[in-house]
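J.: One predicted model, sequence on top.
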Number of protein chains: 2
Amino acid sequence: MQHCDTLIAPRWCVPVAPTNVVLIDHGVVVNDGRITDILPLADARLRYQPSVFIERPDHLLIPGFVNSHTHAAMTLMRGLADDLPLESWLRAGIWPVEKRWVGAEMVRDGTELAIAEMISGGTTCFSDQYFFPEIVAETAVDLHMRALVGTPVIEFPSAWAANVAEYMGKANDLVHDPYADHPLVSTCFAPHSCSALSDESFVDLRVLADQLDVRIQIHLHETVAELALALDKTGKRPIERLHALGLVNSSLLAVHAVHMNDAEIGIFAESDVNVVHCPRSNLKLASGIAPIARYREAGINVAIGTDGAASNNSLDMLSEMRMTALLAKAVASDAAALSAGDALRMATLGGAVALGLGHETGSIEAGKWADLTCVDLNRLNSQPVYDPVSQLVYTARADQVTDVWIAGKHQLDKGHLTQIDTTSLLARSNEWRDRFASSISRV
Amino acid sequence: MQHCDTLIAPRWCVPVAPTNVVLIDHGVVVNDGRITDILPLADARLRYQPSVFIERPDHLLIPGFVNSHTHAAMTLMRGLADDLPLESWLRAGIWPVEKRWVGAEMVRDGTELAIAEMISGGTTCFSDQYFFPEIVAETAVDLHMRALVGTPVIEFPSAWAANVAEYMGKANDLVHDPYADHPLVSTCFAPHSCSALSDESFVDLRVLADQLDVRIQIHLHETVAELALALDKTGKRPIERLHALGLVNSSLLAVHAVHMNDAEIGIFAESDVNVVHCPRSNLKLASGIAPIARYREAGINVAIGTDGAASNNSLDMLSEMRMTALLAKAVASDAAALSAGDALRMATLGGAVALGLGHETGSIEAGKWADLTCVDLNRLNSQPVYDPVSQLVYTARADQVTDVWIAGKHQLDKGHLTQIDTTSLLARSNEWRDRFASSISRV
């Protein structure tokens, strides 16, 4: 008999890699934070002596979701300004509040609220883009959450930095220390969008990103207005401009990519660009619907993100995955355009690959971190079960997520967050709401 | 002090009629199954002596949802055949199972599973369309659920009837007795779609419906293929044909209405036709996206339905309402095209009006049945609250529904179904799954 930290025994296990596999009555063995074995449960009981044995007889075990784009701290602004187009939403709702209130404490509390919601819903890794990224990173480490932290790079001043040189300097610092080789947190550069930087700054950023070997995540081709403005100002569509500046490559995380022509799809496919699809945000801000089945056909890796809760208004990857599958079918006029299994892959391994973490997380394979999510299918709304992957994608709600492990740590145990004091967290969230609401009424 | 059966004291109450009103700290008074008063809680405590006093300090009270189109019994086929176009889904998955298994017991168990899921998610009334409608009606009465039961009228034989005369005869019987003036159940005619009946049968049905003063619900303009087939067979688009036959009027429940041209939208508006929007089913079967904001602008009453769980795959009106708001924006390219409040109205009063029950349910008004739903907003994913209607529509999940009353009866009490033995129900559901699965593999 061999010792192991944890043995998890779900009814079904869908490892995502290899694809289209449903393991029944298998055990997943976890040691030192990593998955070390996956084998029939009967064999596992003979071979391993676990410190903790977790039986989940009505449950499906999957890789934890990778929320590939969010603005975690903005969870405090959930529902602050709704039913407005992107520009008005920013000008009337978000920017006045941000101008007055963004700071280290606000980012810490907002990020904690986001992480609490994400873990509760089965997300084990997120890619963020917000001010005070060092606080986002600290909070992720404190709460034992996996994250790719994007450091903003823009040309206008904020509470975090005064000018592009300071943004880039601070971003550079964060890559080095203490996150150069951290088990949970890595960093990347996050220029807000093409209009946020001059050509010179984009080139400087590219050189820096190449030297440091980090990714660049950017909001790209989100709205028709963005394309028109870019054409007007630069004579080029944003992808065309970034391509000319040498930024279109496998390190690029293209967030949104709602509107792309055939040539741009071709360029993305050739250059191994990663697309982050944020379907609910794109609907809510009336930006449009990305043709995800076409991207996939072209061979582009697609990840899924919730975007910030201020424009979604939730960080629920189960909903986002379902929306991805449903919209792809309607847009392609083909009910077979994207299967439940395809959508699950995008929400897990697709995200991990996009974030540069494909070798570390995103699937249930020996050697990867034990980033795992367990979903109870024995609920009225998911019964009866013909196919657990279909039930997961088309019926399961976040409250059916019973257990979450991040790097082997049991972060959600039968629906209870083990690391977060939700009473204190909600009290602080309500204090921020009162402060923000006072700014809004003064606008 | 005046006696009353129940006094409900939520933090917020959104009565839907009048529109755009949020009542804070009000009491809703229920007597003999009906709402009798809505007043500030402090006044209510002075004026009424309730048998039961229900405090819900973090909750929003709304009218119960009206699921305006479903096939309840098909909940047993949830996820039986996915990711297939409408025709293949019917031919390869649904029809072989129905041919072998549809009967009174299957309809009873399936309808019970559907009602359990619907009540758990805040739905207090549904409009159904399936074989053995007398069993659907009986089950609704047994479980104290409000329903408009559609009786099928088609020209091919089924386990329920052999020919169109028998369908129409049985449908006629059900209108009279015992549901002519029942407090919970009413009936209507449900010809499956335009291709299901000849011109003569449609005219016979119209005459009968006029005599009996009942509605006709029909799948209409759901797919492009349906329109092409109709043009080919009859030389007319289905709405044009029904219009010529005298069926386009305020008694018509046009289910789906995904594809309508300007003339058809005009005819529907003039004729006070009710549209039932089933957005998730339309996406999943790749039928398309109905331009709901245009229908609303034209003055058409829009209701929301989940369609059957076999093509959705859930009966979750909160999700469907959210989907309605989100899709309407994207299709209209206008984030203000449909507000959270507009979507809530469609999911409640819009449905009640469509079903001919606008005077009985769909809003929190004195005199109407106490069909009420209480939603807990004190959850991580719905916090903080700036606007309770926004949180309801854009963030709330079915598990946040804590209480449901139907005609004053407390059907869901702090999340527990009071009338339904879910253990027995799920056991029976799994037996049906095993039977159905054996038929599928034999196809």
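T.: Arrived safely, thanks for sending. Numbering: from 1, shown residues only, chains lettered A, B, ... in the order given.
J.: Could you break chain A into its assigned domains?
T.: Domain ranges of chain A: A:2-63+A:372-406, A:65-354, per automatic domain parsing.
J.: Using TSV, lay out the ones you listed together with mean neighbour count.
T.: For the C-beta atoms, the positions are set from N, CA and C on the backbone; glycine is no exception. Formatted as TSV, those follow (neighbours: other CB atoms under 10 Å in any protein chain shown):
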stretch	mean neighbour count
domain A:2-63+A:372-406	20
domain A:65-354	22
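J.: can I get those domains in a markdown table with distance to chain B?
T.: Output for those, formatted as a markdown table (distance: least, CB to the nearest CB, whole Å):
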| stretch | distance to chain B |
| --- | --- |
| domain A:2-63+A:372-406 | 4 |
| domain A:65-354 | 4 |
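J.: Determine which of those domains approaches B:Val302 most closely.
T.: domain A:65-354 (17.0 Å; CB to CB).
J.: now the closest one, how far from the centre of its chain.
T.: 8 Å (CA atoms, centre = their mean, to the nearest Å).
J.: And it, end to end?
T.: By CA to CA, to the nearest Å, the extent of domain A:65-354 from end to end equals 13 Å.
J.: Which one of the domains of chain A lies nearest to B:Pro18?
T.: domain A:65-354 (19.4 Å).
J.: Mind putting the domains of chain A into CSV with mean pLDDT?
T.: CSV is the format used below for those (pLDDT from 0 to 100):
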stretch, mean pLDDT
domain A:2-63+A:372-406, 98
domain A:65-354, 95
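J.: Can you redo the ones you listed as CSV, where the extra columns are distance to B:Pro133?
T.: Below are the domains of chain A laid out as CSV (distance: least, CB to CB, whole Å):
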stretch, distance to B:Pro133
domain A:2-63+A:372-406, 23
domain A:65-354, 28
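J.: So which of those domains is nearest B:Leu425?
T.: Nearest of the domains of chain A (CB to CB): domain A:2-63+A:372-406, 7.8 Å.
J.: On the three-state scheme, the closest residue to A:Lys170 other than its chain neighbours is what?
T.: Sequence neighbours aside, A:Ala161 is the residue nearest to A:Lys170 in space, at 5.8 Å (criterion: CB to CB, 6 or more residues apart in numbering or on different chains). Assigned by DSSP: H, G, I helix; E, B strand; the rest coil, the conformation of A:Ala161 is coil.
J.: Isn't A:Ala161 up against A:Tyr167?
T.: Yes - contact criterion CB atoms under 8 Å: A:Ala161 and A:Tyr167 qualify, at 4.4 Å.
J.: Now list whatever residues contact both of those two.
T.: Jointly contacting A:Ala161 and A:Tyr167 under the rule CB atoms under 8 Å, 6 or more residues apart in numbering or on different chains are A:Pro152.
J.: which SSE is the closest residue to A:Thr151 other than its chain neighbours in?
T.: Leaving aside its sequence neighbours, A:Thr151 sits nearest to A:Ala171 (CB to CB, 6+ apart; 3.7 Å). If you go by DSSP states H and E, A:Ala171 is part of helix A:164-176.
J.: got the end-to-end distance for stretch A:263-279?
T.: Stretch A:263-279: ends 22 Å apart by CA to CA.
J.: just stretch A:6-22 next, same as before
T.: First residue to last in stretch A:6-22 (CA to CA) measures 21 Å.
J.: and whichever helix or strand A:Arg296 is part of, what does it pack onto?
T.: Secondary structure assigned from DSSP H and E places A:Arg296 in helix A:292-298. When contacts are defined as 3 or more CB pairs under 8 Å, 6 or more residues apart in numbering or on different chains; DSSP states H and E, helix A:292-298 packs onto helix A:262-271, strand A:301-304, helix A:317-332.
J.: Residues touching the shortest one, excluding its own?
T.: Surrounding strand A:301-304, the residues in contact under the criterion CB under 8 Å, 6+ apart are A:66-69, A:253, A:272, A:274-279, A:292, A:295-296, A:317, A:320-321, A:324, A:343, A:346-347, A:350-351, A:353-355.
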